[in-house]
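> Structure for this input, please:
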Amino acid sequence: MTAAPADLSPLAVVLEGYGAAVDMVNTAHAHARRRRAVIVANPELRERELTKFAATSAAVTEALCERGVAPRTAFLTAAAGAAAWRAARECWIEGPETQDLHALLRESVQELRAAVAAPLAP
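Model prediction:
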């Protein structure tokens, strides 16, 4: 994220970071499925996984603040990016090996943007 161009929006910066993560896991589909099965079967590992996600989100928030993003905006953007990443990763793990995690991440972000852009109830 620190190498992302200065003119990118906070969410685009976060997605640059998760894009790098995609490159690390996109070819390890079978491993990801086995890992997820083990985590789902063990409450202690599920808790640890949530702790890791929270720590990652906190690090992303901090990195955005270091780029000059306001703390609240940084927190919200980090949480949104983490949600998009988790949704994409779950679809990838559950789906066929031929799915592209980059494409799933883009789809998750598009769904998130549509949900955020929808009118609020009065």
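
> next structured bit after the lowest-mean-pLDDT helix or strand in the chain?
When the helices and strands of the chain are scored by mean pLDDT, DSSP states H and E, helix 10-25 comes last with a mean of 86. Per DSSP states H and E, helix 10-25 leads on to helix 29-41 as the next helix or strand towards the C-terminus.

> What are the contacting residues of that next one?
Helix 29-41 is contacted by residues Val25, Leu45, Arg46, Glu49, Arg89, Trp92, Ile93, Glu97 when judged by C-beta atoms under 8 Å, 6 or more residues apart in numbering. Glycine gets a C-beta too; all of them are placed from N, C-alpha and C.

> Output it as PDB, nothing but the C-alphas.
Only the C-alpha atoms of helix 29-41 are listed here, as PDB (Å, rounded to 0.1, in the frame of the first residue of the first chain):
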ATOM      1  CA  HIS A  29      -6.800 -23.300  -4.200                       C
ATOM      2  CA  ALA A  30      -6.600 -26.800  -2.900                       C
ATOM      3  CA  HIS A  31      -4.500 -25.700   0.100                       C
ATOM      4  CA  ALA A  32      -6.900 -22.900   0.800                       C
ATOM      5  CA  ARG A  33      -9.800 -25.400   0.900                       C
ATOM      6  CA  ARG A  34      -8.000 -27.700   3.300                       C
ATOM      7  CA  ARG A  35      -7.000 -24.800   5.500                       C
ATOM      8  CA  ARG A  36     -10.500 -23.500   5.600                       C
ATOM      9  CA  ALA A  37     -11.900 -26.900   6.500                       C
ATOM     10  CA  VAL A  38      -9.500 -27.200   9.400                       C
ATOM     11  CA  ILE A  39     -10.300 -23.700  10.700                       C
ATOM     12  CA  VAL A  40     -14.100 -24.200  10.400                       C
ATOM     13  CA  ALA A  41     -13.800 -27.500  12.500                       C
END
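
> for that helix, which positions count as buried?
His29, Ala32 (16 or more other C-beta atoms under 10 Å).

> same check, this time on stretch 22-31
Val22, His29.

> quick one: pLDDT of the residue nearest the centre of the chain?
Centroid check for the chain by C-alpha atoms, centre = their mean gives Trp85 as the closest residue, at 2.5 Å. We have a pLDDT of 92 for Trp85.
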